[in-house]
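**Q** Give me a model of this one.
(2 chains)
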There are 2 protein chains.
Amino acid sequence: MIRANDPSLTSWLTVAADSDFPIQNLPFGVFKTKGKAPRVCTALGDQIVDLLALHQLEYFFDLDIDASVFDNAYINDFMALGKEKNRAVRDRLSDLLRADSHFDAKDKAGAFMLNMSDVELMLPVKVGDYTDFYSSIEHATNLGCLFRDPENALLPNWRHIPVGYHGRASSIVVSGTPIHRPKGQQMPADATSPVYGPCKLLDFELEVAFVVGQATKLGESVSTANAEDHIFGLVLFNDWSARDIQKWEYVPLGPFLGKSFASTISPWVVTLDALEHFRVESPKQEPAVLPYLVSEGKRNIDINLEVIIETEKGEAKTVSESNFKYMYWNMSQQLAHHTVNGCNLNVGDMCASGTISGKEVGSYGSMLEITWKGTKPVTMPDGSERKFIKDGDSVVMKGFCKKDGLRIGFGETRGKVLPAV
Amino acid sequence: MIRANDPSLTSWLTVAADSDFPIQNLPFGVFKTKGKAPRVCTALGDQIVDLLALHQLEYFFDLDIDASVFDNAYINDFMALGKEKNRAVRDRLSDLLRADSHFDAKDKAGAFMLNMSDVELMLPVKVGDYTDFYSSIEHATNLGCLFRDPENALLPNWRHIPVGYHGRASSIVVSGTPIHRPKGQQMPADATSPVYGPCKLLDFELEVAFVVGQATKLGESVSTANAEDHIFGLVLFNDWSARDIQKWEYVPLGPFLGKSFASTISPWVVTLDALEHFRVESPKQEPAVLPYLVSEGKRNIDINLEVIIETEKGEAKTVSESNFKYMYWNMSQQLAHHTVNGCNLNVGDMCASGTISGKEVGSYGSMLEITWKGTKPVTMPDGSERKFIKDGDSVVMKGFCKKDGLRIGFGETRGKVLPAV
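**A** Residues are numbered from 1 along each chain as shown, chains lettered A, B, ... in the order given. Below you'll find the model as predicted:
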């Protein structure tokens, strides 16, 4: 077992039982306080732990890490140190924060701990390239039924390839960033020429993304067996989608402006190590995949996912409860496929899962599916209906793993929709 | 007229009449010599001019530019200074290098000039996001004829939208970088399940890309009238394509591994300013485009383009002579469309034109079109045939503008195809 994951550990800090951030989590993020430069941090309960401050207190004295790694607006340099050093830091954090610590960190907590509510959590990763997969068979089947033929919902390549496409990295923003309703071209059903205006069918997509922590060279391919060496950790990912813009533009080269106006991620990158305890078998794949895509062992992760729509008045409705374990194609297969042609990965690249839908209506990961193209609206607590997302609504996604009394959470992605500019 | 563009200027350095780099060009790039860090440079004839050395010689004394801008592996920091300062530097370079210069640079040439053949030219731009458009009507029509219906070759959205998609930025490499033939999944015509192996239909795509020099904020849109303020300059772009991988994977989300193994750019970014003299009218657009896409003035550029295949023994054949002026959608329209939904641009983003084909077979920009899906092979000087690109072949692209005795060139993109790893 990974040392920092020991379920019997408790911290000298009181952590609520339902916290996303027990001492077994120790995710990585970046925070900012007024007038100071951003720094790398971890989370414990309702506190953030300033890793630069810990470095200055010489708690990493034996780890040979430059202060600039933590005195940094992104965790990329930290990830680039490699898994061995990343683990040494996570283990040290665990040793500093545990109830029976041999260090004197508890006495110096004032020098490195802040209330999470007093800091601004920043985009943790400088994203190089962003790839979006399409790996939920339930989602792909739903879309095939909605837009093509229910009898042949999946396209011929779907069960052979973890289908994916390149997304826009520049517009990936951290939870809390408001999103302006995008404008663009749409082709109304009864029209003969397109119109220009604000998107009318604004949607979310419930996804989980992995962050690349180890680069590859151009021409190099990574096997499914080694793929996880390149994965640092995971975030929640809302792939905002303008369905009307997307529908008109996407043939033949795929989604572009229907997606590129924004994607929202959670501020904490939960390490693959912290999720070790929650691994599950992947779904059986039929027909058998090509040898380069065969993966061994438990490669899916049991992460409970939830999507909530909040009105401007704060009335909230859960519109989806899904799970990352449903993914037909796992992350190792995605990464092996991504590099099979020699495409190089850089530290900070982000690969999202695609919309994560389960089998039931209540577990669908987009309004397009939940309301079945707007034909079955959702009723909000105030009696109003939602076919898609309205101005003033906030879309909130949450995620956590729970097993044997241990709960590891992701925090949330939150994005409020503002009217078109 | 832009001062540095004056056609009457000559340099104290002898520049061959057919050089791509007369004193009116002054493109920006990055070079490296053994044991030294990369630096920003410009080109003059067969020489490169070290801009860090010029800075150290205090020739930029009045321009308030930090040495780190030139002591840099990329030109991004230079572009980020803005057009006004970029122009001041280009004007100063012109003033230093002109025959009747008032500066003493000629006497100190040994301190800042090197033979281009003695240096390594590097990837000049740290590319953030890379977008590939599909803006040649001749190319889109050819593909429609080849793969769909010659009677309805263009898809319904094509004349309304400068169709584009997100490409892979990490695998953009500089001219001279060898390319391994990619491996991946293909579905042979007579098969019922896909196979894995080296690509059999390796192709090039002749493109020109613009480099973003001024960022925009998320939520902001740029008008066609202001679009060029955000464009620093242009490079030649070979969008390598694995046609068999692409064909099997691209429905419904667009090209992915069929393109992401490599794209090759020329090492010099030719400024939009240097191309001013070669502007031409854009083709007439029918039907009329939506108001946000209407552009005024001469927005196309007359750039002669050439593609050469060289065998391993050095026998060369020109397989395409095309021109950037053919583009149906111009760069201002592409950029206005790209940002209409509020998608933000960063300095260093790259937007390629899509394959640039003319009306005649000899001006098609890909082997797919030139050999009409392999049915009309090209005969090489040694008698061998090419339907697509073979291992050992080099694909070379060249580009230059010529008018009124002035010639502004781009150098070349060169890529040799190595066998699959």
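
**Q** Name the SS class of the residue in chain A positioned nearest to chain B, please.
**A** When you check chain A against chain B by Cβ to the nearest Cβ, the closest residue turns out to be A:Gly254, at 2.5 Å. In short, each C-beta sits where N, CA and C put it, glycine included. Judged by DSSP: H, G, I helix; E, B strand; the rest coil, the three-state class of A:Gly254 is coil.

**Q** and the stretch 301-421 of chain A, which of its residues are near chain B?
**A** Within reach of chain B by Cβ under 8 Å from any Cβ of the partner chain, the stretch 301-421 of chain A has these residues: A:337-338, A:340-346, A:349, A:421.

**Q** how about a cut-off of 10 Å?
**A** Within reach of chain B by Cβ under 10 Å from any Cβ of the partner chain, the stretch 301-421 of chain A has these residues: A:337-346, A:349, A:354, A:418, A:420-421.

**Q** Take the residues you listed and keep only those in helices.
**A** Using DSSP state H, A:337-339 are the members of these that sit in helices.

**Q** Can you say which of these are buried?
**A** When burial is judged by neighbour count using 16 or more other Cβ atoms under 10 Å in any protein chain shown, the buried members of these are A:337-339.

**Q** of all those residues, which comes closest to B:Lys376?
**A** Looking at these and their distance to B:Lys376, the nearest is A:His337, at 33.9 Å (Cβ to Cβ).

**Q** and the spatially closest residue to that closest one that is not a sequence neighbour, how far is that from B:Asp95?
**A** What sits nearest to A:His337 in space, not counting adjacent residues and going by Cβ to Cβ, 6 or more residues apart in numbering or on different chains, is A:Pro162, at 4.9 Å. As for A:Pro162, its distance to B:Asp95 is 56 Å (criterion: Cβ to Cβ, to the nearest Å).

**Q** and if you look at A:Asp203?
**A** Using Cβ to Cβ, which is the criterion applied here, A:Asp203 is 56 Å from B:Asp95.

**Q** which of the two has more neighbours?
**A** Of the pair A:Asp203 and B:Asp95, A:Asp203 is the one with more neighbours under other Cβ atoms under 10 Å in any protein chain shown, namely 24 against 17.

**Q** Now do the contacts for that one.
**A** Neighbour list for A:Asp203: A:239-244, A:246, A:258, A:355, A:366-371, A:387-389, A:395 [criterion: Cβ atoms under 10 Å, 6 or more residues apart in numbering or on different chains].

**Q** Now intersect the residues you listed with the strands, please.
**A** Where these overlap with strands, as defined by DSSP state E, the overlap consists of A:241-242, A:395.

**Q** out of those residues, which is most surrounded?
**A** Of all the ones in strands among the contacts of A:Asp203, the highest neighbour tally under other Cβ under 10 Å goes to A:Ala242, namely 29 neighbours.

**Q** what about the helices in the stretch 251-400 of chain A?
**A** According to DSSP state H, counting those that start in this stretch, the stretch 251-400 of chain A carries its helices in the segments A:331-339, A:367-370.

**Q** need those in TSV with mean pLDDT, can you?
**A** Rendered in TSV, the data for the helices of the stretch 251-400 of chain A read as follows (pLDDT from 0 to 100):
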stretch	mean pLDDT
helix A:331-339	98
helix A:367-370	98
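
**Q** Relative to A:Thr192, which of those is closest?
**A** Distance to A:Thr192, taken as Cβ to Cβ, is lowest for helix A:367-370 among the helices of the stretch 251-400 of chain A, at 25.0 Å.

**Q** what does the closest one contact?
**A** With contacts defined as Cβ under 10 Å, 6+ apart, helix A:367-370 is touched by A:138-139, A:141-143, A:145-147, A:201-205, A:241, A:243, A:246, A:307, A:309, A:319-320, A:355, A:357, A:361-364, A:373-374, A:376-378, A:386-389, A:395.

**Q** Between the ones in strands among the contacts of A:Asp203, which sits nearest A:Thr14?
**A** A:Val395 (31.6 Å).

**Q** If I look at that closest one, what pLDDT would I see?
**A** At A:Val395, the model reports a pLDDT of 98.

**Q** what's the answer for A:Asp149, then?
**A** In the prediction, the pLDDT value recorded for A:Asp149 is 89.

**Q** That one - how many residues pack around it?
**A** Under the criterion other Cβ under 10 Å, the count of neighbours that A:Asp149 has is 8.

**Q** now it: how far from A:Ile161?
**A** 20 Å.

**Q** Then A:Asp302?
**A** With distances defined as Cβ to Cβ, the gap from A:Asp302 to A:Ile161 amounts to 25 Å.

**Q** who has more neighbours, these two?
**A** When A:Asp302 is set against A:Ile161 and neighbours are counted by other Cβ under 10 Å, the residue ahead is A:Ile161, at 25 against 17.

**Q** Surely the more buried one and B:Gln246 touch.
**A** No: using Cβ atoms under 10 Å as the test, A:Ile161 is too far from B:Gln246 to be in contact (12.0 Å).

**Q** Now do the shared contacts for these two.
**A** When contacts are counted by Cβ under 10 Å, 6+ apart, the set common to A:Ile161 and B:Gln246 consists of B:184, B:256-257.

**Q** Using the record's assignment, carve chain A into domains.
**A** Following automatic domain parsing, chain A resolves into domains at A:3-121, A:130-418.

**Q** who wins for proximity to B:Leu234 among those?
**A** Comparing the domains of chain A by their distance to B:Leu234 (Cβ to Cβ), the top pick is domain A:130-418, with 20.6 Å.

**Q** which ones are touching A:Asp6?
**A** Residues touching A:Asp6, when contacts are defined by Cβ under 10 Å, 6+ apart, comprise A:23-24, A:94, A:98, A:406.
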